[in-house]
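Asks: with the input below, show me the fold.
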Amino acid sequence: MIESLFEFFGKYWGFIGSVISVFCALLMAWFSTRFTPRIEHEKVVQKVAEIDKRLSETEMQLEYMPTRDELHALDKTLEGLGARFGAMEQGIRRLETKTDMLLENELAQTHKGGN
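Replies: Purely as a prediction, here's the structure:
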């Protein structure tokens, strides 16, 4: 039985080797289309790590960003400050006008008294 098996493989070894070679070539071709090469896989892993790092940094920055409500409150506060500065500016102008009038009056009196 074993001798007949050896005779069979000895007689048809060239054909069996060719069939196995073709099968292995087809199997390798299928593997190359089905699975990613290691180098490309490592590139993808590295790219994902970079994106994950950038996402973490962005999340840390966003953590300290003001919310919509905080920005709205800040906007209202700035509007209030603008109104207060406007009122202060009007008060300063009135003081400046009064100071100018007092100075003119004083100079006029000094000028009259000096004649």
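
Asks: lowest average confidence, helix or strand, in this structure?
Replies: Taking mean pLDDT, DSSP states H and E as the measure, the chain has helix 2-34 as its least confident helix or strand, at a mean of 86.

Asks: what is the mean pLDDT for the helix or strand just after it?
Replies: Next along the chain after helix 2-34, taking DSSP states H and E as the criterion, comes helix 38-63. Mean pLDDT, helix 38-63: 92.

Asks: quick one: list the elements packing against helix 38-63.
Replies: Helices and strands touching helix 38-63, by 3 or more C-beta pairs under 8 Å, 6 or more residues apart in numbering; DSSP states H and E: there are none. Any C-beta I mention is one placed from the backbone N, CA and C, and that applies to glycine too.

Asks: off-centre distance for the helix or strand following that helix?
Replies: Going down the chain from helix 38-63, the next helix or strand is helix 68-114, by DSSP H and E. Relative to its chain's centre, helix 68-114 lies at 46 Å (C-alpha atoms, centre = their mean, to the nearest Å).

Asks: gap between Phe6 and Trp13?
Replies: Per C-beta to C-beta, to the nearest Å, Phe6 is found 10 Å from Trp13.

Asks: equivalent analysis for Glu70, please.
Replies: For Glu70, the distance to Trp13 - C-beta to C-beta - is 82 Å.

Asks: over to Ser4?
Replies: 15 Å.

Asks: cool, Ala29 as well?
Replies: Separation of Ala29 from Trp13 (C-beta to C-beta): 24 Å.

Asks: and what of Arg84?
Replies: Taking C-beta to C-beta, one finds Arg84 at 101 Å from Trp13.

Asks: can you list the domains in this structure?
Replies: Using automatic domain parsing, the domain parsing of the chain gives 1-34, 37-65, 68-115.

Asks: pull the distance from the longest one to the chain's centre.
Replies: Using C-alpha atoms, centre = their mean, the mean C-alpha position of domain 68-115 is found 46 Å from that of the whole chain.

Asks: same question for the shortest one.
Replies: With C-alpha atoms, centre = their mean as the basis, domain 37-65 stands 11 Å off its chain's centre.
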